[in-house]
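>>> Fold the stuff below for me.
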Amino acid sequence: MSITDKKVDDIAHLARLEFDTHGREVIKADLDKIIDFCDKLKEVNTEGVEPLIYMSDEQNVLREDKVVKQFSKEDALKNAPLSDSDYIKVPKVINKK
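Numbers count the residues shown, from 1 in each chain. This is a model prediction of the structure:
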């Protein structure tokens with residue numbers, strides 16, 4: 001597979017990136033190297049090799065999840081810039097069309 005300017009433009013659009021002419025050539029070269037590396041990986045014989053699920057044998061040490069009342073509703077509402085009896089008011093972030 002070869003990387004064309006159109007493919008770089010499509011990827012840049014999806015990633016919301018912009019490249020000048022020099023930047024596009026640098027990205028094309030890097031993507032070509034990545035694809036060449038992936039093609040090299042296809043040459044490796046993986047018959048009988050189990051897939052790796054975890055990178056290490058370490059286990060996360062998690063604390064027990066306990067419900068603890070940290071502060072009252074009234075105290076929480078005192079710290080809110082705007083509140084309405086039982087709720088914290090926030091600015092509208094979604095506009096319906």
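>>> Counting by contacts, list what the host helix or strand of Cys38 packs against.
Counting by DSSP states H and E, the element that carries Cys38 is helix 21-42. If you count contacts as 3 or more C-beta pairs under 8 Å, 6 or more residues apart in numbering; DSSP states H and E, helix 21-42 packs onto helix 5-14. In this view, the C-beta of every residue, glycine as well, is placed from N, C-alpha and C.
>>> got the contact list for the helix it packs on?
17-19, 24, 27-28, 31 (C-beta atoms under 8 Å, 6 or more residues apart in numbering).
>>> repeat that for 6 Å
Identification of contacts with helix 5-14 by C-beta atoms under 6 Å, 6 or more residues apart in numbering yields 19, 24, 27-28.
>>> before we move on, back to that, after the helix holding Cys38, which helix or strand is next? Please name it.
helix 73-79.
>>> for that next one, packing partners?
Applying 3 or more C-beta pairs under 6 Å, 6 or more residues apart in numbering; DSSP states H and E, we find helix 73-79 packed against no helix or strand.
>>> Could I get the pLDDT score of the residue most central in space within the chain?
Nearest to the mean C-alpha position of the chain, by C-alpha atoms, centre = their mean, lies Ala15 at 11.7 Å. pLDDT, Ala15: 94.
>>> Please determine how far it is located from Lys96.
In this view, Ala15 and Lys96 are 28 Å apart by C-beta to C-beta, to the nearest Å.
>>> Number of residues surrounding the nearest residue to Lys89 once chain neighbours are set aside?
Once flanking residues are discounted, Lys89 sits nearest to Leu82: 3.9 Å by C-beta to C-beta, 6 or more residues apart in numbering. Counted with other C-beta atoms under 10 Å, the neighbours of Leu82 add up to 10.
>>> do the same with Val8
18.
>>> With Ile3 instead?
If we define neighbours as other C-beta under 10 Å, then Ile3 has 18 of them.
>>> Run through the residues that contact it.
For Ile3, counting by C-beta under 6 Å, 6+ apart, the contacting residues are 28, 31-32.
>>> Show me which of those is closest to Val90.
Minimum distance to Val90 across the contacts of Ile3 is 41.5 Å, recorded for Leu31 (C-beta to C-beta).
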